[in-house]
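Trainee: starting from these lines, generate the structure:
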Amino acid sequence: MHQDTFWDYRAGMFHKNMGMRIDLFYAGEAVARRVRSAYVDREARKGKGPSDHAPVVVDLD
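Mentor: Next up, the predicted model:
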């Protein structure tokens, strides 16, 4: 599933869901086996003092 992590401020791209996926995580096999979930926190992008990026969150066991 494709999820964007960056949105240009011009023309309301975030609200139109027209962004780019430019942030990602690399992990070796040992760490990859520990991944339990991963997601883009779009809500953090909407917060006070918003950014043009949304954080990628990776939960490890």
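
Trainee: do you know how far the most centrally placed residue in the chain is from R21?
Mentor: Geometric centre of the chain, nearest residue: V40, 3.3 Å, by C-alpha atoms, centre = their mean. Distance, V40 to R21, using C-beta to C-beta, to the nearest Å: 9 Å. The C-beta positions use only the backbone N, C-alpha and C, and glycine is treated the same way.

Trainee: shared neighbours, the two?
Mentor: 3-5 (C-beta atoms under 8 Å, 6 or more residues apart in numbering).

Trainee: give me the buried subset of those residues.
Mentor: Neighbour counting with 16 or more other C-beta atoms under 10 Å marks 4-5 as buried within the shared contacts of V40 and R21.

Trainee: among the shared contacts of V40 and R21, name the ones in helices.
Mentor: Nothing among the shared contacts of V40 and R21 maps onto helices, per DSSP state H.

Trainee: looking at the shared contacts of V40 and R21, which one is closest to R36?
Mentor: Q3 (17.3 Å; C-beta to C-beta).

Trainee: ok, now which ones touch the closest one?
Mentor: Shown in contact with Q3 (C-beta under 8 Å, 6+ apart): 21, 39-40.

Trainee: same question, M20
Mentor: Neighbouring residues of M20 by C-beta under 8 Å, 6+ apart: 4-7.

Trainee: what about A44, neighbour count?
Mentor: When counting by other C-beta atoms under 10 Å, one arrives at 13 neighbours for A44.

Trainee: equivalent analysis for E43, please.
Mentor: Using other C-beta under 10 Å, the number of residues around E43 comes to 9.

Trainee: for D23, same thing?
Mentor: 14.

Trainee: many thanks, we can stop here.
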